Structures are given as structure tokens and as C-alpha cells.
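**Q** Fold the following, please.
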Amino acid sequence: MASGRLPAPVQDAAVAAITPDSALLIGGLDQGESSVADIVRVSGSEAIRVGALPSALHDASASVIEGAVYLFGGGVITSFSQITRISSTGEAQPAGQLPTPASDLATTAIAGTVYIVGGYTGQSPLRTILAWRPGGAPARVVGMLPKPLRYAAVAEQGGQLVIAGGTSGVSASQDVYRFDPSTGRVTTFTHLPRPLTHAAGAALNGTVFVLGGRGAEPDSQTRRILAISSSGTVSTAGALPQPLSDLSAVALGEHILIAGGRDQGGHVHDAILTLGIQPG
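**A** Reported below is the predicted structural model:
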């Protein structure tokens, strides 16, 4: 399962696939809780720092459109509103602005549009689902969550967004929502076995996987990997080597790449994991 090491331990980094076997890991927090600006290319067991953001940040989210990585929001002490285009070689350029500053958000690209879910402005949590396309109109609100939500695990399934868990107020959520871009409707899809936040989401072969995470308490990390089927059935699909929250995960080919994260003792990790998992 373990396949390599990052140049340094990191949590809350954004991640996006750039080829079927490689991804960019962007920003995050180090062991000292300081934001970092690193752009790291991860391919198999190899992880190389290929660039840096104009400024350090954490709790941003990244998605790919037409082969380019776009980074949304993030923050340090305050939340940011910028959208940044990042090339596969680590070059960062401004690409737009969100309507409000937002960290703790999640993104997923569907059919050339990035959908931006929830987040935190620096003063208040967000209920919005935004849509954005490069080179077009500004990001716009296309849906509303039933409640404000931060740190949700989000992935695409059948052309819709699956939005699992997250933090609402100070509580971890057990709800799983589904957003249909064609109608703008958000519906309750299913429920997790228990409240969960700060987990990672990734989709593989039509199944959404929710990896790790924790409850409302910062030392309540879990090893569990959950699978959400297209019918809404939630099952256990495996386990991480140890309990982790604030990890980064992305589907690469027939596997899921996992990088970094935070354990129950507050230690930040540098492990790269490659998981081939089956629901069950």
C-alpha cells in the first residue's frame, strides 16, 4: 500500500490528476501548522517539488479542465478568492476570482465545468455550490446546500456531485447529498454510518470513496474507507494503514493516490499511498 514519501509532511493540500499516473499536490500545512507554497508532482513512488505558488496557503481545492489544473481559494489567516491556473511543470498564473473568499471548500469538474462546494469566507461558512469555466463568465451560484458546509468529501458520480459529510457549525455531518447540475437541485442521497468531516473523496469506476476523516473532535481520526454506490448503499471498502484526517486523495487510472494527512496525535505525515480498492 505504501509507495513513497513526499519531500516534506503535509496536510490540507489540494490535489489534482494531471496524467493517468501522476498528480500535483499544492499548498497545505506543515507539521508546525504553517502554510506552504509548494507544488509537488507525485508519480508512483516519486515526489518532486516542481514549483511554488505566489504565496503560501492551505485548505484550497484543485480540479482539472482540458489538461490544466485550476486551484480555488484557500487561506492562511484569512480566506482567499483567487483562482490560479497551474501548469504540469509548476508554473502558476492568475485565472479568475471567486465571488467571495473561500477556504475549506471542495471542487469537482464535470463536462468542462468546475463545481465549487461550500467553504468558509473567513467569517462565515458557505451553503453555495458555484459553477466556473475557464475563459468564460465569472463563477456563479447554481445550487444551495441544505446547510452551510466546510471540509466535505466531494466526487463525481454519473454526471452528478456526491457531497459526503463535512462540518456544519461545530458539528460533523452524517448526511450525503447529491447535486444534479442539469436541474440545480440538491437532494439527500444517503447517510454515512457516523458523522464525518475532514475526509477525502475520490471516484473510481462509478463508486465514490470517502477516505479517512474524523468526527467533530480533532483527535477522532478513522482508518475506514467507505464506498458509496450509485444506488446510495454505503459499505466499508477497506482501511488506511492508520487513522488519518486532512489527507489528499485523487483517482489515477485504476487506483487512488493518497498523500499526507494528520493522525490522532497531531502528527503530519509524508507517506504516499496507492490503493486499489473494491467495495464490499
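
**Q** the strands in the stretch 101-250 of the chain, which residues?
**A** Along the stretch 101-250 of the chain, counting by DSSP state E, counting those that start in this stretch, strands occupy 106-110, 113-117, 128-132, 140-144, 153-157, 160-164, 167-168, 171-180, 185-196, 200-204, 207-211, 224-228, 234-239, 248-252.

**Q** Quick one: closest of the ones you listed to residue 35.
**A** Between residue 35 and the strands of the stretch 101-250 of the chain, the shortest gap by Cβ to Cβ is with strand 248-252, which sits at 14.8 Å. From N, CA and C alone the C-beta is placed, and that goes for glycine too.

**Q** any residues touching the closest one, and which ones?
**A** Contacts of strand 248-252 with the rest of the structure, by Cβ atoms under 8 Å, 6 or more residues apart in numbering, involve 10, 13-17, 20-23, 25, 28, 200-204, 209, 211, 256-261, 274.

**Q** What of stretch 130-147?
**A** 65-66, 68, 70, 72, 83, 85, 95-99, 112-118, 127-129, 163, 168, 173, 175, 177, 179, 181, 184-186, 188.

**Q** Filter the residues you listed down to the buried ones.
**A** Among the contacts of stretch 130-147, those scoring as buried are 65, 68, 70, 72, 83, 85, 95-96, 98, 113-118, 127-129, 163, 168, 173, 175, 177, 179, 181, 186 (criterion: 16 or more other Cβ atoms under 10 Å).

**Q** In contact with the closest residue in space to residue 59 that isn't next to it in sequence, which residues?
**A** Of all residues not flanking residue 59 in the chain, residue 103 sits nearest, at 4.1 Å (Cβ to Cβ, 6 or more residues apart in numbering). If a contact means Cβ under 8 Å, 6+ apart, then residue 103 has 57, 58, 59, 60, 73, 74, 75, 79, 80, 119, 120, 122 as its contacts.

**Q** Let me know how buried the first one is, in neighbour terms.
**A** Right, the one you point to is residue 57. When neighbours are counted by other Cβ atoms under 10 Å, residue 57 registers 27.

**Q** Wait, it touches residue 76, no?
**A** Yes: when contacts are counted by Cβ atoms under 8 Å, residue 57 is listed as touching residue 76 (5.9 Å).

**Q** Now the common contact residues for the two.
**A** Joint contacts of residue 57 and residue 76 (Cβ under 8 Å, 6+ apart) are residue 35.

**Q** where's residue 119 relative to residue 60, distance?
**A** 10 Å (Cβ to Cβ, to the nearest Å).

**Q** overlap in contacts of the two?
**A** With Cβ under 8 Å, 6+ apart, residue 119 and residue 60 have common neighbours 73, 103, 105.

**Q** Show the pLDDT at the second one.
**A** Confidence at residue 103, expressed as pLDDT, is 98.

**Q** and it, bridged to which residues?
**A** On DSSP bridges, the residues paired with residue 103 through beta bridges are residue 120.

**Q** now residue 144
**A** Going by DSSP bridges, residue 144 forms beta bridges with residue 128.

**Q** Same check on the one 10 residues further on?
**A** With DSSP bridges applied, residue 154 shows beta-bridge pairing to residue 163.

**Q** Save the shared contacts of residue 119 and residue 60 as TSV, and put in distance to residue 144 too.
**A** Converted to TSV, the shared contacts of residue 119 and residue 60 look like this (distance: Cβ to Cβ, whole Å):
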residue	distance to residue 144
73	18
103	19
105	15
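
**Q** Closest one of those residues to residue 229?
**A** residue 105 (25.6 Å).

**Q** shouldn't the closest one be in contact with residue 119?
**A** Yes: using Cβ under 8 Å, residue 105 is in contact with residue 119, at 3.3 Å.

**Q** quick one: which of these two has more around it?
**A** For the pair residue 105 and residue 119, the greater number of neighbours falls to residue 119 (33 against 28), based on other Cβ under 10 Å.

**Q** per-residue confidence for the more buried one?
**A** For residue 119, the predicted pLDDT is 98.

**Q** try residue 66
**A** Confidence score, pLDDT, at residue 66: 88.

**Q** List the residues that contact it.
**A** 112, 134.
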